[in-house]
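S.K.: let's see this in three dimensions:
(chains A and B)
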Amino acid sequence: MTEAASLIRSNVLRGIVVDIFRLMLKLEVEPVAAAPRAPSPGTKVTGVVSMSSAVEDPSEASFAVILEMSENLAFRVVGAMLQQEVNSWSELAEDACGEIANMIAGNAKKHLVNSHVLSMPTVIVGVDYKWCLPNLHLKQVECFSCGGESFKVMIGEEKRKTA
Amino acid sequence: MKALIIDDSKTMRMILGRELKERKCEIREASNGKEGLAVLGQEGGWDFILLDWNMPEMNGIEFIRNVRANPALKRVPIIMVTTECSEEHKKASLEAGATFFLSKPFRWEDLAGVLDEVKP
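M.R.: Predicted coordinates:
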């Protein structure tokens, strides 16, 4: 993904993610050029937060922030946030993943359309699934490494409708 | 000290609660502004409120306006802890009647500093 195609300057989005992990989770993450390899086939976790205009306005673009990581890494991240060992899914673990996606989206929003409203986070946990958000075009993908495992933060844009 | 934590995320209530318990605070929790108002109405002796912005049912700004309109509660310090991080949001929050504004992610020392300031 080229810098020109990005919705937010790459270093800004990377800084947001690094700060959230360092300050709220006490985990060091490092931006990497791209995911070193295709994600392993196990269970995957996806957190989605969308942002759209509070008033229905067809000329306003909407956006979504998507956080995607392996189940193993999600357990480690959620465990760090909750300060307890996590090795299975629960409502609380999903809530923690959603909150991380929410923090990334909230901080990213300032650089997109600040007046937009954030949705409640949606968290998907499953094996071998593909998510699809209608009309959403993926515009930016940033990859990170945390303790040797990679994860992705993506930003998509829902195109403005033309008259 | 007695505090109310209002956040729709159970995780945030838990990690904020952990910090407050270390400071020997007595804690109550609510998952949105409407529930928060109900909790405030059931008891007294509140020292401060930690409040999220984006919540279902009643958001943080509406909650603040309700609290500030209540003579019994209008002086209770409200600390907005939110993922909304722009200057506009900070301004709107303080204008509505929040006492402090902390955007996520925050340094725990920053929260500690704010808590020191609301100590009775």
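S.K.: do you know the pLDDT at the residue of chain A found nearest chain B?
M.R.: Nearest to chain B in chain A, going by CB to the nearest CB, is A:Gly106, at a distance of 2.8 Å. Just so you know, the C-beta spots here come from the backbone N, C-alpha and C atoms, and that holds for glycine as well. pLDDT, A:Gly106: 94.
S.K.: run a quick neighbour tally on it.
M.R.: 26 (other CB atoms under 10 Å in any protein chain shown).
S.K.: once you drop chain neighbours, what's closest to it?
M.R.: In space, and not counting its chain neighbours, A:Gly106 is closest to B:Thr83: 2.8 Å by CB to CB, 6 or more residues apart in numbering or on different chains.
S.K.: same question for B:Pro56.
M.R.: B:Asn32 (5.6 Å).
S.K.: go ahead and flag the most central residue of the chain.
M.R.: Using chain A. Nearest to the mean C-alpha position of chain A, by CA atoms, centre = their mean, lies A:Leu67 at 2.4 Å.
S.K.: should've been chain B
M.R.: B:Leu50 (2.0 Å).
S.K.: thought it was touching B:Met1?
M.R.: No - look at B:Leu50 against B:Met1 with CB atoms under 8 Å: they stay out of range, at 11.7 Å.
S.K.: before we move on, the earlier item: which helix or which strand is home to the residue of chain A closest to chain B?
M.R.: Element membership for A:Gly106, per DSSP states H and E: helix A:91-109.
S.K.: which parts of that helix are buried?
M.R.: With burial defined by 16 or more other CB atoms under 10 Å in any protein chain shown, the residues of helix A:91-109 counted as buried are A:92-109.
S.K.: and for residue 66, the neighbour number?
M.R.: I'll assume chain A. A:Ile66: 24 neighbours (other CB under 10 Å).
S.K.: actually, chain B is the one I wanted.
M.R.: The burial count for B:Asn66: 17, using other CB under 10 Å.
S.K.: where does it land in three-state SS?
M.R.: At B:Asn66 the chain is in helix, as set by DSSP: H, G, I helix; E, B strand; the rest coil.
S.K.: quick one: residues contacting the residue of chain A closest to chain B.
M.R.: Applying CB atoms under 8 Å, 6 or more residues apart in numbering or on different chains, we find A:Gly106 in contact with A:118, B:82-85, B:103-104.
S.K.: repeat for B:His89
M.R.: With contacts defined as CB under 8 Å, 6+ apart, the neighbours of B:His89 are A:114, B:53, B:82, B:101, B:103.
S.K.: excluding chain neighbours, what is closest to residue 26?
M.R.: Just going to use chain A. Going by CB to CB, 6+ apart, A:Lys26 has A:Ala80 as its nearest residue, at 6.1 Å.
S.K.: actually it's chain B I care about, not the one you picked
M.R.: Nearest residue to B:Glu26, sequence neighbours excluded (CB to CB, 6+ apart): B:Lys2, at 4.6 Å.
S.K.: can you list the residues of chain B near chain A?
M.R.: Contact residues, chain B versus chain A (CB under 8 Å from any CB of the partner chain): B:8-12, B:14-15, B:18, B:54, B:56, B:82-86, B:88-89, B:103-108.
S.K.: so which strand or helix has residue 17?
M.R.: Here I'm looking at chain A. helix A:10-24.
S.K.: can you look at chain B instead?
M.R.: Element membership for B:Gly17 (DSSP H and E) is helix B:10-22.
S.K.: from the chain's centre, how far out does that helix sit?
M.R.: The chain centre lies 12 Å from the centre of helix B:10-22; the measure is CA atoms, centre = their mean, to the nearest Å.
S.K.: and if you look at stretch A:133-152?
M.R.: Taking mean C-alpha positions (CA atoms, centre = their mean), stretch A:133-152 and its chain are 7 Å apart.
S.K.: name the residues of it that come out as buried.
M.R.: Within stretch A:133-152, the residues scored as buried using 16+ other CB under 10 Å are A:136, A:140-146, A:149-152.
S.K.: start to end distance for that stretch?
M.R.: End-to-end distance for stretch A:133-152: 17 Å, by CA to CA, to the nearest Å.
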